[in-house]
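# The following block contains a protein sequence and its predicted model.
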Amino acid sequence: MIALAALLCCGAQFFIGKNLGQVWGERISGGQALGQKNTILAIWMAHAYLQPLAAVGPGAYMLWQNLINSWQLWKKRRRDSSHH
């Protein structure tokens, strides 16, 4: 359930960021700015000061953001290679 909540938060933040960025012609930057987080600090703090289970949320968010970024890069490379 924690990992699913992290997926929903991550997806929503990328979606909202892309839509906000599109207003100023910066769709990619907006998605990255809102969706991509530096979660290492959150994972460390949750593990060190709370309990290890508390680190699952930020860890899952990090997994989802990396999967989303990898998928976006794959789509761009595929689109770029089809134009050549």
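Okay, I see it.
# Need the mean per-residue confidence for the top helix by length along the chain.
Looking across the chain with DSSP state H, the single longest helix is helix 56-82. Helix 56-82 carries an average pLDDT of 93.
# Now do that helix: which elements does it pack against?
helix 2-23, helix 40-49 (3 or more CB pairs under 8 Å, 6 or more residues apart in numbering; DSSP states H and E). (Each C-beta comes from the backbone N, C-alpha and C, glycine too.)
# ranking these by mean pLDDT, which is last?
Of all these, the minimum mean pLDDT falls on helix 40-49 (a mean of 90).
# what's near enough to touch the most centrally placed residue in the chain?
Centroid-nearest residue in the chain, with CA atoms, centre = their mean: residue 65, separated by 2.7 Å. Contacts here follow CB atoms under 8 Å, 6 or more residues apart in numbering; on that basis residue 65 touches 10, 14, 35-37, 39.
# 7 Å instead, please
10, 35-37 (CB atoms under 7 Å, 6 or more residues apart in numbering).
# any idea how far it lies from residue 6?
Relative to residue 6, residue 65 is positioned 9 Å away (CB to CB, to the nearest Å).
# from memory residue 43 sits against residue 57, does it?
No. Residue 43 is beyond contact range of residue 57, at 9.0 Å (criterion: CB atoms under 7 Å).
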